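In: coords please:
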Amino acid sequence: MTMTNKEIFNLLGVKEVTTARQRANGTKVFMLPERDVLSSGQTRPVMFATYSTGYVRKIAPYQMYQINPVRIVETAEWNATLNKVVKCNKRVRVLIKNQVQREEFLVKFILKNHIQKQRLTVSKWTRDTMARQHTEVWQKRLEERYKNL
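Out: Alright, predicted model coming up:
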């Protein structure tokens, strides 16, 4: 008996957090139960999105990472400096057109990169300590910078 993607997501604790607007645009957003810890001690949710255009991305604050498979394509381009056509290799993302296949790819990616690799869990005390030290360092830097003004 094979499990569906939804059953695997439930087993892993992955939740779909898609908004109505995203759903209307053909986007699905998934959130893992774990959180990334930043150097400041703050945490952020680990989120992924699949798009009707075929892309699968990891969502981070202020940026997104494409995680689609990559293939190398040989191309020919005009080089104005050399005044001739040169061959070069380009990395091209492989788009996954089917939603079920995008979810299968995401399940495999999560299993490989977030489940099989032992993720470091950081306690709340450690995160709070990191945040406090981060704040103290920046306050000290600011005081040193502006003490002679």
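In: How many neighbouring residues does the spatially closest residue to His114 that is not a sequence neighbour have?
Out: Leaving aside its sequence neighbours, His114 sits nearest to Leu32 (CB to CB, 6 or more residues apart in numbering; 6.3 Å). For every residue, glycine as well, the C-beta is placed using N, CA and C. Residues lying near Leu32 (other CB atoms under 10 Å) number 19.
In: likewise the one 5 residues further on?
Out: A count of neighbours around Val37, defined by other CB under 10 Å, yields 16.
In: just for the chain, where's the confidence low?
Out: Applying pLDDT under 70 to the chain flags the ranges 1, 116-124, 127, 149.
In: Quick check: longest helix in it by residues?
Out: If you go by DSSP state H, the chain has its longest helix at helix 124-146.
In: Return the residues in contact with the residue nearest to His114.
Out: Listed by CB atoms under 8 Å, 6 or more residues apart in numbering, the contact set of Leu32 reads 12-14, 45-48, 110, 114.
In: Then Glu104?
Out: Contact analysis of Glu104 by CB under 8 Å, 6+ apart lists Asn5.
In: How much space separates it from Phe30?
Out: Glu104 sits 13 Å away from Phe30, going by CB to CB, to the nearest Å.
In: Could you pull up phi and psi at the residue nearest to His114?
Out: Main-chain dihedrals, Leu32, degrees, to the nearest 10: phi -80, psi 160.
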